[in-house]
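Chemist: Got a sequence here, can you model it:
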Amino acid sequence: MVAEEYSTTPTLTGTRVALEPLAHTHAADLAEAVAVDALWRTWYTHIPAPESMEAEIDRRLGLQTLGRMAPWAVRDLDSGRTVGMTSYCTLDPANRRVEIGSTWLGAAFQRTGVNTEAKRMLLERAFDTLGCLAVEFRAHWHNRQSRAAIERLGAKQDGVLRKHTVFENGTVRDTVVYSILDDEWPTVRFGLDAALERRR
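Modeler: Numbering: from 1, shown residues only. Down below sits the predicted model:
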């Protein structure tokens, strides 16, 4: 698999969710989604404010141009609305690894199955198309919701990077690192499919 494939963003479509190449046409929906419950004020993660959405799209697309990110918009097929963002980041084609991260969903779409199906499609592309040996996830130690969601996917904790990142608010993030390996993927896929079936 050529390195450039890691930063491409084909449309991925499931039964509830479509992942579309991130574009400025998604900005209005995304700004509306993030405004609910002032999601961007969450102190332990980086979520763009409504007025910063265009700049965040520019940032992600700029990283994609450099071959450092593959950014998608998350569309809920029931409503037709774009309700969040996700990406491959920390692209490492030489070692056949990617990180799935920089993900957020509007408050109304959390714990609904949207995240599960989106991650299932990203994992399938990583393992079955890109031939990855491992897919990584990272979360703030204090982001219990994201850590629980990652663990529900079937990822296993690799460790904690202490004092890993200095945030703009002056706090220092301990980063919890998780991964799924290629030989774990068949079992993880079975579990994700079963979880999605229960939600139908």
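
Chemist: And what about the residue of the chain most remote from its centre, helix, strand or coil?
Modeler: Note on the chain: the largest C-alpha distance from the chain mean falls to G170, namely 24.7 Å (C-alpha atoms, centre = their mean). Remark: G170 carries the secondary structure label coil [criterion: DSSP: H, G, I helix; E, B strand; the rest coil].

Chemist: separation between it and E32?
Modeler: 30 Å (C-beta to C-beta, to the nearest Å). To be clear about C-beta, it is placed using only N, CA and C from the backbone, and glycine gets the same treatment.

Chemist: again, but for V17
Modeler: The spacing between V17 and E32, counted by C-beta to C-beta, is 18 Å.

Chemist: same question, V135
Modeler: For V135, the distance to E32 (C-beta to C-beta) stands at 30 Å.

Chemist: Also D174?
Modeler: D174 is 32 Å from E32, where distance means C-beta to C-beta.

Chemist: Check V172 too.
Modeler: Applying C-beta to C-beta to V172 and E32 gives a distance of 32 Å.

Chemist: can you check E51 too?
Modeler: 12 Å.

Chemist: which element is V188 on?
Modeler: Using DSSP states H and E, the element containing V188 is helix 185-199.

Chemist: and that helix, how far out from the chain's middle?
Modeler: Averaging C-alpha coordinates over helix 185-199 and over its chain gives two centres that are 18 Å apart (C-alpha atoms, centre = their mean, to the nearest Å).

Chemist: What are the buried residues along that helix?
Modeler: Along helix 185-199, these residues count as buried under the neighbour rule (16 or more other C-beta atoms under 10 Å): 185, 188-189, 192, 195-196.

Chemist: Show me where the chain has its helices.
Modeler: In chain order, the chain shows helices spanning 27-35, 53-65, 114-124, 144-153, 185-199, with DSSP state H as the criterion.
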